Every structure is written in C-alpha cells, then in structure tokens.
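J.: Quick check, what structure comes out for this input:
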Amino acid sequence: MNLADRAFASSWSGGKDSALALDRAVRQGGRLAALFTMFTEGGERSRSHGLPRSVLAAQAEALGVPLVTRSASWSGYEEAFVEGARELQLPPHGVSDLVFGDIDLEDHRAWCVRVAARVGASAHHPLWQSPRLALLDEVFARGWRAVIVVVRDSILPRDFLGRTLDADCVADLERAGSDACGENGEYHTVVIDGPLFRAPIELIRRDVHAFDGCSFLDVG
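T.: Sure, this is the predicted structure:
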C-alpha cells in the first residue's frame, strides 16, 4: 500500500534503520504524525537500544513531532504496543499506518503486520529486502549521522562504541564478523542528525555498562 498523503507513526528505535525507513516513508508522500517507542518496565530506557528518554525526546523535537511511548516487560510487550497503537489512531495523531525499520527478518515482519492488524492499521516496511550496503550508502548520502551505542559482546569489541557510522566503520564491522547493518543485533546506533532534523542533537557520552550479553554506551 502506498503511503501518499497518509498519516503514519514511526516505530522508532532511535537508530539508523528506523530513521531511513521514516525518511523513505516521507519521500513516498507519507505524513509523519508521531514517533512510537517502547521502553523497559521502569520507563527510563528504550527496550531496543537502551536509550534514555531524554535522547528520544530530543529526536522527536528535532523532527517536530510528539513522542508516544509505552513501558513493558517482554511478556507484556505486545499488549502494551497494541495499546499505544490505539492511542496513535486517536486525535491529535490520527494515524492509519505504522512504519517499521526491519530489513529481512521475516518473523519480525510477521509480528508487525499482525499487531498492526489488531488495531486496523497497516504495517509498512520501506527497507524490506534492500541490499545492506545500498541501505548504508543511502543513509550516508541522505546525511543521516549515527553513532554506535550498543555492541553484542560475543561478536564486536567495545572499541566500536562511540564510533560514528561511516564507510570505514562499516568495513571494520564486517571484518569483525558483523552484518553490515547489524540486522541480527550485532550493534545498534543512535541518529544525531539528518535531513529531516531541524537541528543536530548534541550527544553527551558517559560510561559503558554491560547487560544481557551486550555493552551499552550510556548517552544523554
């Protein structure tokens, strides 16, 4: 389904894939109405990338849209997501479509389609089955700037934390054994500037901490 002149919400991780998916949706004629992010139970950090609420709020402000959130454990994730999706359909958002940044994980895509259908919305995957390096070239060409904030310890060293994602960094990631886009969770990023941002985000870098087999760069 085409997004032309349809109000959509971005399922927003704060990273490069959700940013490029949002970017493509806007270029298809879609109207960005809100960012939608799931947080951990305490509501302090995003469940996917471990980003603090302040960073996600700064991204939403830079995009000029509200940030809608829900907090949940993994066991309650789907119901909380559906509840948030229902809120997005109401004024002032009026969302009819949800945009996701998955590339080719079929089980993720199937879940997105199913939960969107539960609230009568349409799920869109603008990056679906695009070549990895072509996606990254597009990220760079469009002017999105992303910083690595999470690495999976079994695959990547902590040296990658804090690095700006560019062609040299991507080559190093692949040499280390990572998928170029980190589609299997090898690494995650946070975008700090881009063509749809009103102004760049100034990222404050703090300590590194470990959780669930990953190392996280604490940022604010």
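
J.: Identify the residues contacting the residue nearest to Leu165 when sequence neighbours are not counted.
T.: The spatially closest residue to Leu165, leaving aside those adjacent along the chain, is Ala146, at 4.4 Å (CB to CB, 6 or more residues apart in numbering). (Each C-beta comes from the backbone N, C-alpha and C, glycine too.) If you count contacts by CB atoms under 8 Å, 6 or more residues apart in numbering, Ala146 has them with 15-16, 19, 139, 164-165, 189-192.

J.: quick one: the strands in this structure?
T.: Secondary structure of the chain (DSSP state E): strands at 7-11, 31-39, 67-71, 97-99, 122-124, 145-152, 187-193, 205-211, 214-219.

J.: by contact count, what packs against the fourth one?
T.: Strand 97-99 sits against strand 7-11, helix 16-27, strand 122-124, with contacts defined as 3 or more CB pairs under 8 Å, 6 or more residues apart in numbering; DSSP states H and E.

J.: for the last one, packing partners?
T.: Secondary structure elements in contact with strand 122-124, counted by 3+ CB pairs under 8 Å, 6+ apart, are strand 97-99, helix 106-118.

J.: Could you do the second one as well?
T.: Taking 3+ CB pairs under 8 Å, 6+ apart as contact, the helices and strands that helix 16-27 lies on are strand 7-11, strand 31-39, strand 97-99, helix 132-142, strand 187-193.

J.: Which of those sits closest to Asp159?
T.: strand 187-193 (11.6 Å; CB to CB).

J.: one step back: and the residue nearest to Leu165, what pLDDT?
T.: Per-residue confidence (pLDDT) for Ala146: 98.

J.: how close does it get to Phe81?
T.: Going from Ala146 to Phe81 by CB to CB, to the nearest Å gives 24 Å.

J.: returning to that earlier point: which among the helices and strands packed on helix 16-27 is found nearest to Asp218?
T.: Nearest to Asp218, of these and by CB to CB, is strand 187-193 at 11.5 Å.

J.: can you redo the contacts of Ala146 as TSV with pLDDT, distance to Ala123 and neighbour count?
T.: Rendered in TSV, the data for the contacts of Ala146 read as follows (pLDDT from 0 to 100; distance: CB to CB, whole Å; neighbours: other CB atoms under 10 Å):
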residue	pLDDT	distance to Ala123	neighbour count
Gly15	97	19	27
Lys16	98	20	26
Ala19	98	18	29
Val139	98	22	24
Thr164	97	31	12
Leu165	98	26	25
Thr189	98	23	26
Val190	98	24	27
Val191	98	22	28
Ile192	98	27	21
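
J.: hmm, back to that, now for the helices and strands packed on strand 122-124, which one comes closest to Pro126?
T.: Using CB to CB, those put strand 97-99 closest to Pro126, at 6.5 Å.
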